[in-house]
Each structure stands twice: as C-alpha cells, then as structure tokens.
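I'll drop the sequence and a predicted model, then ask my questions.
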Amino acid sequence: MMTDAQLEWKRCRHWIGAALDRAGDGEITLEDIEQGVARGVFQFWPGMRAAAVTEIATFPRKRYLNIIAAGGDMEEIIGMFPSMKSFGRHMGCTKLVEVGRAGWERVLGARGWKREAVVLSTPIEETASGPTTQ
C-alpha cells in the first residue's frame with residue numbers, strides 16, 4: 001500500500017518531469033529527484049495544479065533554499081513561495097533561489113525578485129592529452 005506522500009508524488013510527478021524536459025541539460029532526472037525526496041535530501045511541494053522540488057544548498061557562510069524544479073500552474077507555484085520561505089528560515093536559509101529559463105525572470109521580476117547572476121556554460125571535452133574546452 002502506498003503512503004500519502006507516495007500517492008502525491010505519483011499524482012504530481014508529471015509536472016516535475018515536464019519542467020525537467022524544458023530546462024537543464026540532463027543534470028538531474030525525475031528518478032534522481034524521486035530518490036532524493038525519498039532520502040530526505042530534497043523537499044517535495046505538491047499542489048492541486050502544480051508541484052515543486054527544493055534542496056538546501058549549503059555554502060561555508062550561508063544556506064539557500066534552491067528550487068530545483070517546478071511545474072504546472074505558475075500562480076500556484078508562486079503561491080508556494082511563502083511556505084518555502086518559512087521552511088527555509090526554519091532551516092537557517094537566507095534566501096530562496098530559482099535558476100531557470102528566461103520566462104521565470106519575467107514572471108518573478110515583476111514580484112520583486114532580482115537577477116543576481118547569469119548562468120552560461122560550455123562543454124568540456126576529453127582528449128587524449130587531457131581535458132579541453134570548446
């Protein structure tokens with residue numbers, strides 16, 4: 001018999017899967033998230049029409065609550081932020097962070113979020129003489 005948490009994951013996992021399909025480069029899979037939630041490494045935020053997953057990112061001097069993936073109804077996701085912030089405060093986090101597609105900046109910027117960085121990347125290829133960048 002499935003627990004309530006397992007039933008909620010089953011009901012909501014397609015929103016998280018869709019978010020992963022639209023963003024990133026395969027850094028994390030739906031199965032990775034499911035295992036992380038089961039181990040208590042990630043936090044699962046189910047809603048009626050949306051879901052999100054967070055992690056506590058710990059640095060030497062600060063902790064952040066990082067939104068790993070969120071999908072479904074945008075307004076419902078935004079409605080989860082007060083609970084996420086409350087949880088983050090309880091866990092010693094100083095801010096809620098979202099790294100995502102440009103659409104998030106348009107939506108969240110209108111709600112007081114600010115751009116702190118731009119994420120750029122390039123693949124590192126292995127060669128016979130060692131790693132190189134392209």
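Everything's here; your move. Numbers count the residues shown, from 1 in each chain.

pull the number of nearby residues for residue 38.
Using other Cβ atoms under 10 Å, residue 38 has 13 neighbouring residues. C-beta here means a position set from N, CA and C on the backbone, and glycine is covered the same way.

flag the shaky bits of this structure, pLDDT-wise.
Low-confidence segments of the chain, defined by pLDDT under 70, span residues 127-134.

one more time with 80, if that's ok
Residues of the chain meeting the criterion pLDDT under 80: 23-25, 100-102, 118-123, 126-134.

run through the strands of it in chain order.
Under the criterion DSSP state E, the chain carries strands at the ranges 42-46, 50-58, 63-72, 95-98, 124-127, 130-133.

in JSON lines, list those along with distance to residue 34.
Formatted as JSON lines, the entries for these read as follows, by distance: least, Cβ to Cβ, whole Å:
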{"stretch": "strand 42-46", "distance to residue 34": "9"}
{"stretch": "strand 50-58", "distance to residue 34": "9"}
{"stretch": "strand 63-72", "distance to residue 34": "11"}
{"stretch": "strand 95-98", "distance to residue 34": "21"}
{"stretch": "strand 124-127", "distance to residue 34": "28"}
{"stretch": "strand 130-133", "distance to residue 34": "32"}
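
mind checking which of those strands is nearest residue 89?
Across these, residue 89 has its closest neighbour in strand 63-72 (9.0 Å, Cβ to Cβ).

which residues are contacting the closest one?
Applying Cβ atoms under 8 Å, 6 or more residues apart in numbering, the external contacts of strand 63-72 come out as 12, 14-20, 23, 28, 33, 42, 45, 47, 49-57, 77, 80, 84-85, 87-88, 91-100.

next: stretch 40-54.
Applying Cβ under 8 Å, 6+ apart, the external contacts of stretch 40-54 come out as 5, 8-9, 11-13, 15-16, 33, 36-37, 55, 65-74, 76-77, 79-80, 83-84, 87.
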